[in-house]
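Trainee: sequence? don't have it. structure:
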């Protein structure tokens, strides 16, 4: 399966020397209090998606639609990595931090000089056990500590000053097809990670860890089990144990509602008749609103019930204040879903506000029922 990169390495390289001056994008969505992470300034990028809302928007203005044509490369640094580099760097106080599946690198963002490099000790068979693509999409950062995933399904904490490893925790068994390719999400005193591996009949989950020690705090599985609401959507079978719904792109966070919004992937196997006898297979291809301290699901919305087409719902759940036709703007989630529809949801309760077709050709549905989704 092809995974679309969120940001190419070339783009980050061209902007590297300009980040401090204002590498900006123009947007029309209103920034909410969730737009930036804790302690983040306009010249820093401390979170995946450039803020907890993942709007990828900067308030800096020196680089804009008129001046972007003047950008030219000013330095080049080889990362000695031949695999996919669909990763987003973070920037703090003029230092850019970049991860590949083999190393973590700190770079002077103005000069391109490498400050330190810490190699990742991977098992020799790790790359042959994972799906889909050898890559690491990003990292998290707070209080001088870098948090990153590894291809063999571990989480690591490292010193931003020198790259020293502070702790390393096993999240899952890579020999069972699990890997971690998405950036972790740090919310207060909880470091959250998703998992990859849905094509290998794994069971998706999100886990919360203590960022100081790497101790596991909670696990939220993303397929429903016996006794849980929605288990009937698996047709009374045991397919939920290997049902997919993996969580390989990080979620977003609204500090006012204290909710994390995390998308889930396709079901396993792809054929729904083999998976759940034609049922909805909760919570595949959904967004889950969860409490970061406990992993409790507050509400969910399923974009593609049953999904036989591999319409992962992992595309970023962007938070924005949206005007829905007059009155007070709605605190919303906007999502360009892989099923060809652009969704707007009320992020307080998951109510569907809009679902408009954006793909030019679409033949799996004639529209979205606004009452049922």
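Mentor: Arrived safely. Since we're looking at a predicted model, the values are computed, not measured. Numbers count the residues shown, from 1 in each chain.
Trainee: What is the burial count for residue 60?
Mentor: For residue 60, the neighbour count with other C-beta atoms under 10 Å is 17. Quick note: C-beta positions are derived from backbone N, CA and C, even for glycine.
Trainee: now stretch 187-198, how far from the chain's geometric center?
Mentor: Put simply, stretch 187-198 sits 9 Å off its chain's centre (C-alpha atoms, centre = their mean, to the nearest Å).
Trainee: Give me the distance between the two termini of it.
Mentor: 25 Å (C-alpha to C-alpha, to the nearest Å).
Trainee: Check which residues of it are buried.
Mentor: For stretch 187-198, the neighbour count (16 or more other C-beta atoms under 10 Å) marks 187, 190, 191, 192, 193, 194, 195, 196, 197, 198 as buried.
Trainee: What ranges does the stretch 251-373 of the chain have for its helices?
Mentor: 272-275 (DSSP state H, counting those that start in this stretch).
Trainee: Can you verify my assumption that residue 108 contacts residue 91?
Mentor: No - using C-beta atoms under 8 Å, residue 108 makes no contact with residue 91, being 10.8 Å away.
Trainee: In terms of neighbours, single out the busier of those two.
Mentor: residue 91 (22 against 16).
Trainee: so where does the more buried one fall, helix or strand?
Mentor: Here residue 91, judged by DSSP states H and E, is contained in strand 90-92.
Trainee: Find the nearest non-adjacent residue to residue 127, please.
Mentor: Leaving aside its chain neighbours, residue 127 sits nearest to residue 134 (5.4 Å; criterion: C-beta to C-beta, 6 or more residues apart in numbering).
Trainee: quick one: secondary structure of the one you found?
Mentor: The three-state assignment at residue 134 reads coil, by DSSP: H, G, I helix; E, B strand; the rest coil.
Trainee: which residues does it contact?
Mentor: The neighbours of residue 134, taking C-beta atoms under 8 Å, 6 or more residues apart in numbering as the test, are 83, 84, 101, 127, 151.
Trainee: Try it again at 6 Å.
Mentor: Taking C-beta atoms under 6 Å, 6 or more residues apart in numbering, we find residue 134 in contact with 83, 101, 127.
Trainee: any idea how far the residue lying closest to the first one once chain neighbours are set aside is from residue 81?
Mentor: With C-beta to C-beta, 6+ apart as the measure, residue 134 is the residue that lies nearest to residue 83, at 4.2 Å, once sequence neighbours are left out. Distance of residue 134 to residue 81, given as C-beta to C-beta, to the nearest Å: 9 Å.
Trainee: hmm, back to that, mind checking which of the contacts of residue 134 land in helices?
Mentor: The members of the contacts of residue 134 all map outside helices under DSSP state H.
Trainee: Low-confidence stretches in the chain?
Mentor: Where the chain drops to pLDDT under 70, the residues are 1-40.
Trainee: can we see that at 50?
Mentor: 1-39 (pLDDT under 50).
Trainee: burial of residue 98, as a residue count?
Mentor: Residues contacting residue 98 under the criterion other C-beta under 10 Å number 25.
Trainee: Would you give the sheet partners of the strand or helix carrying it, along with the direction of each?
Mentor: For residue 98, the host element (DSSP H and E) is strand 95-99. Sheet pairing here is set by DSSP bridges, and for strand 95-99 it gives strand 90-92 (antiparallel), strand 103-108 (antiparallel).
Trainee: Need the winner for burial among these.
Mentor: The highest average neighbour count among the strands paired with strand 95-99, using mean count of other C-beta atoms under 10 Å, belongs to strand 90-92 at a mean of 23.
Trainee: Need the residues that contact it.
Mentor: In contact with strand 90-92 (C-beta under 6 Å, 6+ apart) are residues 19, 44, 45, 46, 97, 109, 141.
Trainee: partner residues bridging the closest residue in space to the second one that isn't next to it in sequence?
Mentor: Same thing as residue 44. Counting by C-beta to C-beta, 6+ apart, residue 44 lies nearest to residue 92, which is 5.2 Å off, once chain neighbours are set aside. In this entry, residue 92 is beta-bridged to residue 95, by DSSP bridges.
Trainee: go on, residue 319?
Mentor: Going by DSSP bridges, residue 319 forms beta bridges with residue 333.
Trainee: Pretty sure it sits against residue 252.
Mentor: Yes - Residue 319 lies in contact with residue 252 (C-beta atoms under 6 Å); the separation is 5.3 Å.
Trainee: Overlap in contacts, these two.
Mentor: Common neighbours of residue 319 and residue 252 (C-beta under 6 Å, 6+ apart) are residue 53.
Trainee: Looking at these two, which has the bigger crowd around it?
Mentor: Taking neighbours as other C-beta under 10 Å, residue 319 and residue 252 compare with residue 319 leading, 29 against 26.
Trainee: gap between the more buried one and residue 346?
Mentor: When residue 319 is compared with residue 346 (using C-beta to C-beta), they lie 12 Å apart.
Trainee: before we move on, what about residue 163?
Mentor: Applying C-beta to C-beta to residue 163 and residue 346 gives a distance of 43 Å.
Trainee: Please apply the same query to residue 220.
Mentor: Residue 220 is 22 Å from residue 346, by C-beta to C-beta.
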